[in-house]
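>>> Sharing a sequence plus its predicted fold:
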There are 2 protein chains.
Amino acid sequence: MKPALAGVKALTFDVFGTVVDWRGSIAREVRAFAAEKKLRVNAVKFADAWRSGYRPAMNRVASGELPWTKIDDLHRIILDEVLVKFRVSAFNDTEKAELNRVWHRLKPWPDTLRGLKRLKKNFTISTLSNGNVALLNNMAKNAGLPWDLILSAEIFHHYKPEPEVYLGAADMLGLQPGEVMMVAAHKDDLRAAARQGLRTALVLRPNEYGKGRHPDLSPDPAFDINAADFNDLAAQLGA
Amino acid sequence: MKPALAGVKALTFDVFGTVVDWRGSIAREVRAFAAEKKLRVNAVKFADAWRSGYRPAMNRVASGELPWTKIDDLHRIILDEVLVKFRVSAFNDTEKAELNRVWHRLKPWPDTLRGLKRLKKNFTISTLSNGNVALLNNMAKNAGLPWDLILSAEIFHHYKPEPEVYLGAADMLGLQPGEVMMVAAHKDDLRAAARQGLRTALVLRPNEYGKGRHPDLSPDPAFDINAADFNDLAAQLGA
């Protein structure tokens, strides 16, 4: 382990895309919902459309256009729009609520559980996600994710990449920012964490957006660690 | 299980006295600190004095006399007063800080771990303590407490028994108040939770204040459950 990382006591994890495979999980459920209703829907495009509404929706909160709104409620607003765009009108309100909860049932990447269990022995492991607390807790119960605690944008009433989230997490953990390492598959999240003094680990998730469709996967020496998956992260941290 | 309790999905636990034995744990550490310095201190009385400053200190926050202040910092303010009262001047600042962290190292009651593990299979189990998040996380890591998540007065910037803590916990868990059960050894905590619509379980901790020195231990039918310990609670909840 690099000597500079000896002071790291807690790892905070981005969740959507980093810990769990949102795209595969959503496409699978949308396909099942559609089959039940005998609808033709491109489930993967549906998942992509749903996810692509995420950042603009959070920006409406950050700009003050919307008051503080949980991701569950933002997901529902976006879902209603996506259903219109995909000309799906077969779902009643209860079914829409059930479909919206798919985000509570996202499945981990194959290395996630084993990697987290290794890391938990040496570090505090926490979520640091824009997902709300109930979503993250239900996901953890469902998938067996062994978090020590759940930290969320909901606690700070700010969404990543706003500084309040990273600094708020360090403060609540009783640590200096440099004692906390942000783990994410997304460089913008890590760069925002680094600007607040956190340590950073990039974990590559080449299939987050589907095979062959991925953004920049090049390692970046600006991050403290570049890892292939959570087991590689554990190995690089001596856990 | 009582039919009315079938809707309970999460259990939120008071911690000091209910999950861990603050008095025994503190007295043990104070005794060790004193022995090292060759001081004569009544360690049990020291623990009681420290704890008795807790409610008045939180009241100073609730009244607005102090701004929001973490329990770690309130504990330190009280510790400084108790050291003066006990005429102990042998500790330097580093030692005082280390002693103050005893609250992060409190030991569970003998039934705590097994009971929590049973309950975790059927319910979300969370702290709902006036202790700050770092304190509760360090305690859990140290003692192996298997919380699903850590909820604390620190998240809501209100101390129990203020309503914001109970209602805030239910909201963050994505549940109605009646789907959450507060578990505590203290009747005032449970009565405050019940006033906000939460379910309640009293767990008797006859030795919290020392053998033979205990407040009202009579069961109360106003609570949904009266339990002898966490295993009895699990049994009564069918877990």
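Yep, that arrived.
>>> Walking through chain A, point out its helices one by one.
In chain A, the segments counted as helices under DSSP state H are A:22-36, A:43-52, A:54-62, A:71-85, A:93-100, A:112-122, A:133-143, A:153-156, A:163-172, A:187-195, A:230-236.
>>> what's the second one packed up against?
Identification of packing neighbours for helix A:43-52 by 3 or more CB pairs under 8 Å, 6 or more residues apart in numbering or on different chains; DSSP states H and E yields helix A:22-36, helix A:71-85. C-beta coordinates here come from the backbone N, C-alpha and C atoms, glycine included.
>>> Tell me the helices and strands packed up against the last one.
Looking back up the chat, that one is helix A:71-85. helix A:43-52, helix A:54-62, helix A:93-100, helix A:133-143.
>>> ok, back up a step: distance to residue B:228, mean pLDDT and mean neighbour count added to the helices and strands packed on helix A:43-52, as a markdown table?
Output for those, formatted as a markdown table (distance: least, CB to CB, whole Å; pLDDT from 0 to 100; neighbours: other CB atoms under 10 Å in any protein chain shown):
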| stretch | distance to residue B:228 | mean pLDDT | mean neighbour count |
| --- | --- | --- | --- |
| helix A:22-36 | 43 | 95 | 18 |
| helix A:71-85 | 38 | 97 | 17 |
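>>> any chance of those helices in TSV, with distance to residue A:45 too?
What follows is the helices and strands packed on helix A:43-52, written out as TSV (distance: least, CB to CB, whole Å):
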stretch	distance to residue A:45
helix A:22-36	9
helix A:71-85	10
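>>> Could you check how far the residue of chain A positioned farthest from its centre is from residue A:88?
Residue farthest from the centre of chain A, counting by CA atoms, centre = their mean, is residue A:38 at 31.3 Å. Using CB to CB, to the nearest Å, one gets 12 Å for the distance from residue A:38 to residue A:88.
>>> and if you look at residue A:56?
Applying CB to CB, the value for residue A:56 to residue A:88 is 21 Å.
>>> Also residue A:119?
Between residue A:119 and residue A:88 the computed distance is 40 Å (CB to CB).
>>> out of those two, which sits in the more crowded spot?
Each of residue A:119 and residue A:88 has its neighbours counted (other CB atoms under 10 Å in any protein chain shown); residue A:119 has more, 21 against 18.
>>> Surely the more buried one and residue A:10 touch.
No: counting by CB atoms under 8 Å, residue A:119 sits too far from residue A:10 to count as a contact (10.3 Å).
>>> shared neighbours of the two, which are they?
Jointly contacting residue A:119 and residue A:10 under the rule CB atoms under 8 Å, 6 or more residues apart in numbering or on different chains are residue A:125.
>>> what domains does the record give for chain A?
The record's domain parsing of chain A by automatic domain parsing lists A:3-21+A:107-236, A:22-105.
>>> Pull out the buried positions in stretch A:190-203.
By neighbour count on 16 or more other CB atoms under 10 Å in any protein chain shown, the buried set for stretch A:190-203 is A:190-194, A:196, A:198-203.
>>> now those residues as CSV including distance to chain B and pLDDT?
As requested, the buried residues of stretch A:190-203 are arranged in CSV below (distance: CB to the nearest CB, whole Å; pLDDT from 0 to 100):
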residue, distance to chain B, pLDDT
A:190, 23, 98
A:191, 26, 98
A:192, 22, 98
A:193, 19, 98
A:194, 22, 98
A:196, 18, 98
A:198, 16, 98
A:199, 18, 98
A:200, 21, 98
A:201, 20, 98
A:202, 25, 98
A:203, 23, 97
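>>> so which of those residues comes closest to residue B:68?
The closest of the buried residues of stretch A:190-203 to residue B:68 turns out to be residue A:196 (CB to CB; 21.2 Å).
>>> Surely the closest one touches residue A:168?
No: with contact defined as CB under 8 Å, residue A:196 and residue A:168 do not form a contacting pair (9.9 Å).
>>> Of the domains of chain A, which stretch is the most buried?
Each of the domains of chain A was scored by mean neighbour count; the highest is domain A:3-21+A:107-236, a mean of 20, by mean count of other CB atoms under 10 Å in any protein chain shown.
>>> can you tell me the distance between the two ends of that one?
End-to-end span of domain A:3-21+A:107-236 (CA to CA, to the nearest Å): 12 Å.
>>> tell me how far it is from the chain's mean position?
8 Å (CA atoms, centre = their mean, to the nearest Å).
>>> With stretch A:48-61 instead?
Offset of stretch A:48-61 from its chain centre (CA atoms, centre = their mean): 13 Å.
>>> Which residues of chain A lie near chain B?
Taking CB under 8 Å from any CB of the partner chain as the measure of proximity, chain A contacts chain B at A:72, A:124, A:132-135, A:137-138, A:140-141, A:147-150, A:154-155, A:172-175.
>>> Quick check, residue A:144 in contact with residue A:113.
Yes: Residue A:144 is within contact range of residue A:113, at 6.2 Å (criterion: CB under 8 Å).
>>> partners of residue A:11 in the sheet?
Beta bridges link residue A:11 to residue A:125, residue A:181 when assigned by DSSP bridges.
>>> Let me know the pLDDT of it.
Confidence at residue A:11, expressed as pLDDT, is 98.
>>> Now do the same contact list for it.
Shown in contact with residue A:11 (CB under 8 Å, 6+ apart): A:119, A:123-126, A:180-183, A:201.
>>> What spatial separation is found between it and chain B?
13 Å (CB to the nearest CB, to the nearest Å).
>>> got it, and residue A:25?
Shown here: residue A:25 relative to chain B, a distance of 19 Å by CB to the nearest CB.
>>> Likewise for residue A:188?
In this view, residue A:188 and chain B are 26 Å apart by CB to the nearest CB.
>>> For that residue, give me its contacts.
Residue A:188 touches residue A:161, counting by CB under 8 Å, 6+ apart.
>>> next one: residue A:166
By CB under 8 Å, 6+ apart, residue A:166 lies in contact with A:128, A:160, A:177, A:180, A:182, A:192-193, A:196, A:198.
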